[in-house]
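K.L.:
Got a sequence here, can you build the structure:
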Amino acid sequence: MGKIFGKIITFIISLLMIIIFLVTIYFCLDAFKVIKVPEKYSIASLLYKKIDDMASGIDVEGAIQVDDINKERIIVREGENTTETSSPDVENPLNLLQNMQSANNSANNSNNNSSSNSSSSQNAIATNRFYYSQLDEYGKRIYDRLYNHREDLKTGTYTVDYEMIFNDLLQTEDGENILKEALDSATNSLILDNPDIFYVDISKMYLLTHITTKLFSTTYKVSIGGNNGNSYLEGEFNSIEDVKIAEDKIKEEKKKIIEQTRGLDRFKQIEFIHDYLIDNTEYNADAGDSVYSIYGTLINKQAVCEGYAKAFKSLLDELEIPCIIVCGTGTNSVGLTESHAWNYVFINNKWYAVDVTWDDPIINGFLPGALPKDIRYSNFLKGSNEFFKSHVEDDYLLGHLKLNYPEVSLEDY
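P.N.:
Below you'll find the predicted structure:
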């Protein structure tokens, strides 16, 4: 009897040892992700699991969308200059621009409006991806998904989900900084390439990282949206209905403007848009957040340099005339240098600079549209020899995205 009992005990112990051995093997395979185990059957997740959520804001300092951009205006009184301060797999972009120039060289150089528009269609598309073309692979992924969800972003609360696309990057030592820089570059590039996305305030958007830590592993899921569900719409808009009403107003205003350029050659079209913005826009840094957008410029008729530059590009995009927004600094007649924004335009196979803001100075005694010609066109289709005396390109966006701007013609148009 005792021998039988002993054998039973030995069997039970052996069985327990086998079970413990198998469970240990299962646990190790689960913990080290050798086998894929559903969460509810995962021993490792039962023993140790920690979930963290982190929100990292988008850095807009150094880009053109900053509160103190171009606060200074030149005021001319009786021939005297004074200042008034108010309280803003990567495709080489130079190859892209060279291809644009080659395409234009092969096109008919006639100033006929219809032929000009036809030959420049691809160029307009290319300049709408100018900043995108200079992003790294992470920046392009962020930009692409935001752009594809631009309709959803009109709600101000939609969260763009990237799942585990950046998981491998975030496993690396400097992954978090790399992704943060990619986010900053991508969001600013999106707004610079697409001024019609006027309703999003990127300073209110956050990189939301969902971190799951188990015993031997950590996974990262990333999304972009408002922090704690807060809206990232520009201050003037509170809902998708507000945005759609604003879009309708902009569409109608653009239609009215573009209709007046019909039958004009390319030069005259550019000149008309330049003059229209000067005659219909008041420089005002104190008119709310909309002064940085095409809505403030075209509808509220008040803007700072960023608003002028965005509206100029947006209207030239409608005309399929290649145009980009440029970030940098401007030094005025009294030697004050500040952050500034202007445009480069492609016409007759060369790039020229246009600064609509500085062609719209405040001058006592002159009504809109009656500015002396030497002032009204002092920054219109300028070459680098003249323009770069007062303007300097910023070679970096936010300090870490190296930019390659097109080579501007030496001489004025």
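K.L.:
ok, Arg141 - contacts?
P.N.:
Contacts here follow C-beta atoms under 8 Å, 6 or more residues apart in numbering; on that basis Arg141 touches Tyr162, Ile165, Phe166. For glycine as for every other residue, the C-beta is placed from the backbone atoms N, C-alpha and C.
K.L.:
And the second one, how far from Ala246?
P.N.:
Think Ile165. 32 Å (C-beta to C-beta, to the nearest Å).
K.L.:
What separation do you get for Asn230 and Tyr206?
P.N.:
The spacing between Asn230 and Tyr206, counted by C-beta to C-beta, is 9 Å.
K.L.:
Compare those two (neighbour count), which wins?
P.N.:
In this view Asn230 and Tyr206 are compared by other C-beta atoms under 10 Å, and Tyr206 has more residues nearby, 21 against 13.
K.L.:
residue ranges for the helices of this structure, please.
P.N.:
Along the chain, the segments classed as helices by DSSP state H run 2-31, 43-47, 93-105, 113-119, 121-127, 137-148, 167-170, 175-193, 240-259, 266-280, 294-298, 305-318, 373-376, 384-387.
K.L.:
tell me the domain ranges of this structure?
P.N.:
2-47, 72-402 (automatic domain parsing).
K.L.:
okay, those, which one's buried deepest?
P.N.:
For the domains of the chain, ranked by mean neighbour count under the definition mean count of other C-beta atoms under 10 Å, the leader is domain 72-402 at a mean of 18.
K.L.:
Quickly, which of the helices of the chain bottoms out on average pLDDT?
P.N.:
Mean pLDDT per stretch puts helix 113-119 lowest among the helices of the chain, at a mean of 41.
K.L.:
Okay, the nearest residue to His340 once chain neighbours are set aside and Leu170: tell me how far apart.
P.N.:
Here the nearest residue to His340 in space, its sequence neighbours aside, is Gly330; by C-beta to C-beta, 6 or more residues apart in numbering that works out to 3.6 Å. With distances defined as C-beta to C-beta, the gap from Gly330 to Leu170 amounts to 39 Å.
K.L.:
go on, Met205?
P.N.:
Distance of Met205 to Leu170, given as C-beta to C-beta: 19 Å.
K.L.:
Over to Gly328?
P.N.:
33 Å.
K.L.:
One more: Ala287?
P.N.:
The separation that Ala287 has from Leu170, given C-beta to C-beta, amounts to 41 Å.
K.L.:
List the contacts of the nearest residue to Gly229 once chain neighbours are set aside.
P.N.:
Computed as C-beta to C-beta, 6+ apart, the closest residue to Gly229 that is not its neighbour in sequence is Thr157, at 6.4 Å. By C-beta under 8 Å, 6+ apart, the contact list for Thr157 reads Gly225, Gly226, Gly229, Ser231, Tyr232.
K.L.:
Quick check: the last one touching Gly226?
P.N.:
Yes - with contact taken as C-beta atoms under 8 Å, Tyr232 and Gly226 are classed as touching, separated by 4.7 Å.
K.L.:
okay, and the common contacts of the two?
P.N.:
Taking C-beta under 8 Å, 6+ apart as the contact rule, the neighbours common to Tyr232 and Gly226 are Gly156, Thr157, Lys204, Met205.
K.L.:
In strands, which of those residues fall?
P.N.:
Of the positions in the shared contacts of Tyr232 and Gly226, Met205 sit in strands, assigned by DSSP state E.
K.L.:
Quick check: closest non-adjacent residue to Ser231.
P.N.:
The shortest distance from Ser231 to any residue that is not its chain neighbour, by C-beta to C-beta, 6+ apart, is 3.8 Å, and that residue is Gly156.
K.L.:
how far away is that neighbour from Val243?
P.N.:
8 Å.
K.L.:
overlap in contacts of the two?
P.N.:
Tyr199, Leu233, Phe237.
K.L.:
Appreciated, that's everything.
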